[in-house]
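Engineer: output the structure for:
(one chain, ligands or ions: 1)
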Amino acid sequence: PSAQAVRTVTLFPGDGIGPEIAGAVKEIFRAADAPVQWEEIAISTKNVKPGEDLIPQAALDSVRRNRYGLKGPLETPVGKGHKSLNLTLRQALSLYANVRPCVSMPGVKTKFDNINVVTIRENTEGEYVGLEHEVYPGVVESLKVITRQASERVARFAFEYARSNQRKRVTAVHKASVLKMSDGMFLECCRRISKEYPDIEFKEALIELCCGYLVSQPQRYDVLVLTNLAGDIVSDLAAGLIGGLGLTASLNKGEHVVLAEAVHGTAPDIAGKDWANPTALLLSGVMLLREMDLHDHAERIERAVHQVLQDAQCRTRDLGGTARCSEYTQAIIDRLGTA
Ligand code: NAD
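Structural biologist: Predicted coordinates:
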């Protein structure tokens, strides 16, 4: 299809602030003439009975069919008996890599003003395989599973991402000094794959040193590739550096699908008040546009967001302003013309 053919994208608005911020994304995409038509599916995990699937089959089938999806936050029911929401999605859609660009926003004051780091986290194995047992009262074993196949897959994705996003360097973050076999194999896979990408510089970093540098000299890093637990922690650390939850976009890459989502939750404390910041979900949508090769639309929306944040007249409460979600959305739409 040509770049301008209309694409159908699955949209899960989600719970809490989800419908408000998803509404903002739809309005802005429409105003930007993005050739996207939404297949909107209202899934809610609120009333699911224990034992039932949190995500209905029809919702998963929709993403599989359309190949692209945007997901708002979903409430995770407290208590046992449910298969985790994220686990369900990851397994059902084979979402093997999570990508989170942490890039300083113009005009948003944080400790550093030139953060530009992308974390790429292996999403299917490591410590999160859920293999834990008590071998003896008071003694628990937890297994970390690392496979060559998943490590090579995420490493290759990191280099491909770097190449197609004009990035210069990929750093493999590890603890192979202690976890010689598991992180050792992950690191060895990254080294091997790096040879296929001579145009991208390859570096290695011990995880604790990487964290120290991220909060003191974040400019050292460009693209980071990490195992599951390490990626979970370091990607939140990196999000904190750019001003937090309301701003950070992410994208999950699967074998056949791409599912973008904001990293924050349902924000029950402000839901329904028109106070939510839609930036994270909107920029997740922008990542999706780039995946669909709709680069002009992506640039235009991103520039409008940056301009609104830069002139600081219209900010949501989480960024110290007083603007409502709807006012901020309108400010972005007003900027689309000049962006
Ligand atoms: P949260 O991210 O919902 O909220 C944490 C704080 O950040 C709150 O004060 C909230 O008001 C604020 N916040 C978050 N997003 C914001 C936004 N876009 N604009 C303005 N302020 C924002 O985290 P929580 O309170 O720990 O979790 C609430 C619910 O969300 C739980 O049910 C949890 O399971 C779920 N959750 C879902 C996802 C997901 O679907 N990906 C992720 C995290 C949490």
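
Engineer: give me the residue from the stretch 1-150 of the chain nearest the ligand.
Structural biologist: Thr76 (3.4 Å; C-beta to the nearest ligand atom). In short, each C-beta sits where N, CA and C put it, glycine included.

Engineer: which of the three states applies to the nearest residue to Lys26 once chain neighbours are set aside?
Structural biologist: Nearest non-adjacent residue to Lys26, counting by C-beta to C-beta, 6 or more residues apart in numbering: Trp38, 6.4 Å away. Trp38 falls in the strand class when you classify it by DSSP: H, G, I helix; E, B strand; the rest coil.

Engineer: what's around Trp38, how many residues?
Structural biologist: Applying other C-beta atoms under 10 Å, we find 18 residues neighbouring Trp38.

Engineer: same deal with the one 5 residues further on?
Structural biologist: Burial of Ile43, expressed as a neighbour count using other C-beta under 10 Å, amounts to 22.

Engineer: that one contacts Ile55, correct?
Structural biologist: Yes. Using C-beta atoms under 8 Å, Ile43 is in contact with Ile55, at 6.1 Å.

Engineer: do you know how far the residue of the stretch 201-339 of the chain found nearest the ligand is from Val63?
Structural biologist: Relative to the ligand, the nearest point of the stretch 201-339 of the chain is Gly265 (2.5 Å; C-beta to the nearest ligand atom). Separation of Gly265 from Val63 (C-beta to C-beta, to the nearest Å): 20 Å.

Engineer: what sits against the nearest residue to Gly265 once chain neighbours are set aside?
Structural biologist: Sequence neighbours aside, Pro73 is the residue nearest to Gly265 in space, at 4.9 Å (criterion: C-beta to C-beta, 6+ apart). Pro73 sits next to 14-18, 261-262, 264-267 when contact means C-beta atoms under 8 Å, 6 or more residues apart in numbering.

Engineer: kindly reformat those residues as CSV containing pLDDT, neighbour count and secondary structure.
Structural biologist: Formatted as CSV, these follow (pLDDT from 0 to 100; neighbours: other C-beta atoms under 10 Å; DSSP: H, G, I helix; E, B strand; the rest coil):
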residue, pLDDT, neighbour count, secondary structure
Gly14, 92, 25, coil
Asp15, 92, 22, coil
Gly16, 95, 23, coil
Ile17, 97, 31, coil
Gly18, 97, 26, helix
Glu261, 95, 26, strand
Ala262, 92, 30, strand
His264, 92, 22, coil
Gly265, 91, 16, coil
Thr266, 94, 20, coil
Ala267, 95, 21, coil
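
Engineer: max-length strand in this protein?
Structural biologist: In the chain, taking DSSP state E as the definition, the longest strand is strand 95-103.

Engineer: after that one, next one along is what?
Structural biologist: Later in the chain than strand 95-103, the nearest helix or strand by DSSP states H and E is strand 116-122.

Engineer: on contacts alone, who are the packing partners of that next one?
Structural biologist: Packing partners of strand 116-122 (3 or more C-beta pairs under 8 Å, 6 or more residues apart in numbering; DSSP states H and E): strand 95-103, helix 148-164, strand 223-226, helix 228-241.
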